[in-house]
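In: Turn this into a model:
(one chain, ligands or ions: 1)
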Amino acid sequence: MKQRVVVYKKLPEHLMERLRAEFDVTAFDRVDAGNRDAFAEALKSAHGMIGASLQISNDLLEAAPDLRIASTVSVGVDQFDLNYFRQRGLQLAHTPGVLNEATADTIFALILSSARRVVELAELVKAGQWKGSIGEAQFGVNVHGKTLGMIGMGRIGSAVARRAHHGFGMKILYNNTRPNPEAERELDATFVSKEDLLAQSDFVCLMLPLTAQTERMFGAREFGLMKRSAIFINASRGRIVDEAALVRALQDKTIHAAGLDVFEVEPLPADSPLLSLSNVVALPHIGSATHETRLAMAELAVDNLIAGLRGETVPHLAL
Ligand code: 8YV
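Out: Numbering: from 1, shown residues only. Below you'll find the model as predicted:
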């Protein structure tokens, strides 16, 4: 009898064919209030699951006694309770590496658009409000030659630092769980304390996984240590930041601006105070969202799932 797989985020058809060739597949393009019960029912007899962008509760997994592996189409694994996976001996696979460059591109889009007010001024033109040569009221700030402070210098952080160093002649400061000698050697990056990074950086970029240790680690104290001219960039996870403190810091001009791709609650509620601030660029979690990268991630996630269900070595286990 074929093993059973539940797909909970739409996959390209050629990948669905690979899964159907070997497994009994139940597929949901996405899971929402309308089909959540059907998703939970399908999981009860599943041996494997694959998808993304959905918090997977322990209750759901507890009702899936035959489950062996979850394969997420993401590098982040905060949608799962890792301790539950460890205690139950479940495999959790993810998609590191293939999304580094696309996500670093998104971060630089946030750096440039927040520094040079691209969104705000593009909207001014689109609204027919460009009435003459622009003046100081429309000026932005330089990016080239400034200081970038990376909080988190892993694969994606390093890709951001490469863009900053080679492309924009920026000075790189970083704080990380451990030193990154390659970044120091190749990018002239300097390991500093979080406090020194916050005090000296023109752009503070958060690139950390969401864990019990990092949740809400960035708040009023950290924003208060930043330069008033500094710009805060976050494309990692919204819940690492005390979002109310960020709003206050932006409203009070404690910091100059923010470029954000992630939020405490996603989708960002339409009544979020962030959306009424002209010094905020807000994107809908597009970090890795390019055709090429999301295809590469989906292929990696399917490879992980198939290997796990065959009892073979899984290429990218998250734990
Ligand atoms: C997307 C991400 O949210 O990989 C992650 O952890 O946050 C982003 O790439 C994810 O890939 C959803 O498909």
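In: Check what pLDDT the residue of the chain positioned farthest from its centre gets.
Out: For the chain, the largest distance from the centre (C-alpha atoms, centre = their mean) belongs to residue 132, which lies 38.9 Å off. Predicted confidence (pLDDT) for residue 132: 96.
In: do you know how far it is from the ligand?
Out: With distances taken as C-beta to the nearest ligand atom, to the nearest Å, residue 132 is found 42 Å from the ligand. For every residue, glycine as well, the C-beta is placed using N, CA and C.
In: before we move on, what about residue 86?
Out: Per C-beta to the nearest ligand atom, residue 86 is found 20 Å from the ligand.
In: Just list what the strand or helix carrying residue 281 packs against, helices and strands only.
Out: Per DSSP states H and E, residue 281 falls inside strand 280-282. Using 3 or more C-beta pairs under 8 Å, 6 or more residues apart in numbering; DSSP states H and E, the elements in contact with strand 280-282 are helix 100-115, strand 257-260.
In: Is residue 308 in contact with residue 91, as I believe?
Out: Yes - between residue 308 and residue 91 there is a contact under C-beta atoms under 8 Å: 5.1 Å.
In: who's in contact with the lengthiest helix in the chain?
Out: Assignment by DSSP state H gives helix 291-310 as the longest helix of the chain. Helix 291-310 is contacted from outside by 3, 5, 11-12, 15, 18-19, 22-23, 47-48, 50, 68-69, 71-74, 91, 93-95, 98-99, 101-102, 288, 313-317, using C-beta atoms under 8 Å, 6 or more residues apart in numbering.
In: domain ranges for this protein?
Out: What automatic domain parsing lists as the domains of the chain is 4-98+292-310, 100-282.
In: Return the distance of the residue nearest to the spatial centre of the chain relative to residue 88.
Out: Nearest to the mean C-alpha position of the chain, counting by C-alpha atoms, centre = their mean, stands residue 236 at 3.6 Å. Separation of residue 236 from residue 88 (C-beta to C-beta, to the nearest Å): 27 Å.
In: likewise residue 229?
Out: Using C-beta to C-beta, we find residue 229 at a distance of 49 Å from residue 88.
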